[in-house]
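A.B. asks: Model the following, please.
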Amino acid sequence: MSPTKLLIVDDDRDFVDGLAEVMEMLGHLVDVAFTGRAGVEAATGDDYDAVVMDVGLPDLSGVDGLLAILEVKPETRCFLMSGYSAADIEARAGGVGTLEILTKPFDPEALSQRISAAGRRDR
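C.D. replies: Predicted coordinates:
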């Protein structure tokens, strides 16, 4: 099986670089984007097994970004990251089934296991 392909979207470059490095060490292929629009463009233009997007992006809400991705690529496993309560995010996302919420800080190894447990698509 090929490694899972992951896109991380957050405007905090230090956070993204650190998370990407850890996820690569755990065996994932990782791309990054630093704006919501860049993340949507990347995710809808390529095949990712999972997208991890921050809720609080300056140009586009992470909820709106992931919903846009799921319209085009409904099979993509989506994770929203936030330092705030998950209840409001769940309400805004409208109960989308493939969407999961991560409260910062979270364990990258646990995220890796959640992504891997969902299975990998053949390329």
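
A.B. asks: only C-alpha atoms for contact and neighbour calcs from this point on.
C.D. replies: Fine.

A.B. asks: The helix or strand in which D31 is found - contacts with which helices or strands?
C.D. replies: Counting by DSSP states H and E, the element that carries D31 is strand 29-33. Applying 3 or more CA pairs under 8 Å, 6 or more residues apart in numbering; DSSP states H and E, we find strand 29-33 packed against strand 5-9, helix 13-25, helix 36-45.

A.B. asks: Would you confirm that V52 belongs to a helix?
C.D. replies: No - assigned with DSSP: H, G, I helix; E, B strand; the rest coil, V52 falls outside any helix and is strand.

A.B. asks: and it, what are its bridge partners?
C.D. replies: I8, F79 (DSSP bridges).

A.B. asks: Sketch out the low-pLDDT regions of the protein for me.
C.D. replies: 1, 84-99, 118-123 (pLDDT under 70).

A.B. asks: rewinding a little: which outside residues touch the strand holding D31?
C.D. replies: If you take CA atoms under 8 Å, 6 or more residues apart in numbering as the criterion, strand 29-33 is touched by 3-11, 16, 20, 23-24, 39, 42.

A.B. asks: And the furthest pair within those residues?
C.D. replies: Farthest apart among those by CA to CA are P3 and D11. That separation is 25.3 Å.

A.B. asks: just to revisit the earlier point, could I get the helices and strands packed on strand 29-33 in JSON lines, plus columns for mean neighbour count?
C.D. replies: Formatted as JSON lines, the helices and strands packed on strand 29-33 follow (neighbours: other CA atoms under 10 Å):
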{"stretch": "strand 5-9", "mean neighbour count": "25"}
{"stretch": "helix 13-25", "mean neighbour count": "15"}
{"stretch": "helix 36-45", "mean neighbour count": "20"}
